[in-house]
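K.L.:
Need the 3D shape of this:
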Amino acid sequence: MTYQHITTDPAQMGGQPCIRGLRIPVVSVVAMVAEGMAVSEIIDALPDLEAEDASEALHYAAEALRERERPLPPRGVKLLLDNLRVRRRIGRRAAQWASSISSWPNPISSTNPRTARVTAADV
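P.N.:
Next comes the predicted model:
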């Protein structure tokens with residue numbers, strides 16, 4: 001959605017979305033509404049604003065929340081990271097173990113009389 005009353009300029013207000021290029025951040029208008037101020041009270045407090053500005057600021061804030069990615073709760077992130085660490089640790093240990101046993105002699109071989117398998121042909 002395009003907004004006619006909302007501008008973003010990196011050189012103004014640190015790049016925060018503002019109303020019509022004025023130094024009135026959208027977050028200020030939304031905070032005033034959240035505090036229970038009516039649009040007429042907001043316009044009285046900020047005379048450069050128009051009713052459409054306040055309405056568009058609320059629409060902009062709602063759209064920003066809709067598009068925002070929601071982070072995992074801290075517990076979920078901790079469990080995920082712990083799981084990855086355990087898998088990585090197990091993976092490293094398994095790789096070390098596999099490389100170390102590949103050099104071991106085969107305990108079940110036909111050349112070792114103690115472990116040689118007896119087949120039907122041998123009987």
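K.L.:
how is the protein carved up into domains?
P.N.:
Following automatic domain parsing, one finds the domains of the chain at 6-67, 72-101.
K.L.:
can you give me the helices in the chain?
P.N.:
Along the chain, the segments classed as helices by DSSP state H run 26-34, 39-45, 51-67, 74-101.
K.L.:
any residues touching the first one, and which ones?
P.N.:
Think helix 26-34. With contact meaning Cβ atoms under 8 Å, 6 or more residues apart in numbering, helix 26-34 is reached by 6, 16-19, 39, 41-42, 45-46, 49, 53-54, 57-58, 60-61. Heads up, the C-betas are built off the backbone N, CA and C, glycines and all.
K.L.:
which of the domains of the chain sits most buried?
P.N.:
Greatest average neighbour count among these goes to domain 6-67 (a mean of 15), per mean count of other Cβ atoms under 10 Å.
K.L.:
Check the average confidence over that domain, would you?
P.N.:
Averaged across domain 6-67, pLDDT comes to 91.
K.L.:
Endpoints of that domain, how far apart?
P.N.:
Taking Cα to Cα, to the nearest Å, domain 6-67 runs 17 Å from one end to the other.
K.L.:
just checking, residue 7 touches residue 16?
P.N.:
No: in this structure, residue 7 is not within contact of residue 16 by Cβ atoms under 8 Å, at 10.1 Å.
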